[in-house]
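Visitor: below is the structure, and that's it, no one-letter string:
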């Protein structure tokens, strides 16, 4: 007789979810019709599943560990070629000490995420501390406290519902930072008052872990309707191809950074076309443009010119920039490889902006005209 326990039931729920994702999310309901579209959805699903297993299957808020969220081989929910992200589970029940190293990043922050207990994507961000608000020694080390008694610096509260923290290290190098193993920062977290020994895995806890993976996968697939069907898009998101919205602060949008400006829009380019983007970098700590698939995965920034940060951008004589998104190299500076993808997403990030951010302007031209 087959043993029926909680973990087997939870595993069946995961299998059922994967079948539903295949039938619905990787199909016409999500505007996917071609073999290439479906294959891309399955690739994204594998990355999301790996992310759920790595980050959500086993953890203990009394004995947390930092784990890298996305990598060059695990991409979801809008990663960035210049950023290295970690997260860790937390609870307002505890007070934590975080110690880490800047490791040469131009911007470092920690945000508090709400609503991730069941593996779901954060419902909102509730608090941020960046490297202007904590002390960094001559060797790049810092130490913070989360929760407990308030302090003027080096401290961040853990409000009711706080369940996870996200760390961001942004780099502006000629090589994309997320693909450089030498740049991976050192981070430690510990609860100061755990009050109990670490949990020993058992049927119930394993079932809970599998169900968190279910929540993780569901929230990043079936829980994310196609962009065209979302009634109230965030103000930094536009649906018109090849036309960027004004960069704005995202507010408490889930997984966002309070101290950033975002701008996002799709591009559409036939093989014979190119998108010329002109503008100026604002005064800020960090700025970049990344291309994403329709499933919010960055292009291959390790092997292709798939994004541009300020250090990678060659400026015009007047200090402005001229970028070119195209399917092949036009032989001009600031080319971003569209990888043959006719449809994709453009996502701009600017951190700790001073003054206004100029909206980049886009123009579709014939690729042959640029080559001439």
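Guide: Everything's here; your move. Every value quoted in this text rests on a predicted model; they were computed, and no experiment measured them.
Visitor: gap between residue 276 and residue 212?
Guide: Residue 276 sits 45 Å away from residue 212, going by C-beta to C-beta, to the nearest Å. C-beta here means a position set from N, CA and C on the backbone, and glycine is covered the same way.
Visitor: neighbour-wise, which of these two wins?
Guide: Between residue 276 and residue 212, residue 212 has the larger neighbour count (other C-beta atoms under 10 Å), namely 24 against 19.
Visitor: which residues does the host helix or strand of that one contact?
Guide: Assigned by DSSP states H and E, residue 212 belongs to helix 203-219. Applying C-beta atoms under 8 Å, 6 or more residues apart in numbering, the contact partners of helix 203-219 are 5-7, 9-11, 13-14, 17-18, 21, 45, 48-49, 51-53, 55-58, 118-121, 199.
Visitor: can you list the buried residues in it?
Guide: Residues 206-219 are the ones in helix 203-219 that count as buried (16 or more other C-beta atoms under 10 Å).
Visitor: give the buried residues for the longest helix along the chain.
Guide: Looking across the chain with DSSP state H, the single longest helix is helix 35-56. Judged by neighbour count using 16+ other C-beta under 10 Å, the buried positions of helix 35-56 are 37, 40-41, 44-45, 47-49, 51-56.
Visitor: do the same with stretch 274-281
Guide: Residues of stretch 274-281 classed as buried by neighbour count (16+ other C-beta under 10 Å): 274, 275, 276, 277, 279, 281.
Visitor: bridge partners for the fourth one, pull those for me.
Guide: For residue 277, the beta-bridge assignment (DSSP bridges) gives partners residue 323, residue 362.
Visitor: follow-up on the earlier one: okay, the buried residues of helix 203-219 in CSV with pLDDT and distance to residue 362 next?
Guide: Converted to CSV, those look like this (pLDDT from 0 to 100; distance: C-beta to C-beta, whole Å):
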residue, pLDDT, distance to residue 362
206, 98, 50
207, 98, 49
208, 98, 47
209, 98, 45
210, 98, 44
211, 98, 43
212, 98, 40
213, 98, 39
214, 98, 39
215, 98, 37
216, 98, 34
217, 98, 34
218, 98, 34
219, 97, 31
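Visitor: residues contacting residue 340?
Guide: The contact partners of residue 340, taken as C-beta under 8 Å, 6+ apart, are 271, 327.
Visitor: hang on, the earlier thing: which strands or helices does the longest helix of the chain pack on?
Guide: In terms of contacts (3 or more C-beta pairs under 8 Å, 6 or more residues apart in numbering; DSSP states H and E), helix 35-56 is packed against helix 203-219.
Visitor: compute the inter-axis angle for the helix it packs on and helix 35-56.
Guide: On the basis of axes from the mean of the first three to the mean of the last three C-alpha atoms, to 10 degrees, helix 203-219 is oriented at 140 degrees to helix 35-56.
Visitor: can you name the two of the buried residues of stretch 274-281 that are farthest apart?
Guide: 274 and 281 (21.2 Å; C-beta to C-beta).
Visitor: related to what we said a few turns ago, which of the buried residues of stretch 274-281 sits closest to residue 225?
Guide: When these are compared for distance to residue 225 (C-beta to C-beta), residue 275 wins out at 26.2 Å.
Visitor: correct me if wrong, but that closest one is in a strand.
Guide: Yes: Residue 275 forms part of a strand when assessed by DSSP: H, G, I helix; E, B strand; the rest coil.
Visitor: that one - nearest residue in space that isn't next to it in sequence?
Guide: residue 325 (4.2 Å; C-beta to C-beta, 6 or more residues apart in numbering).
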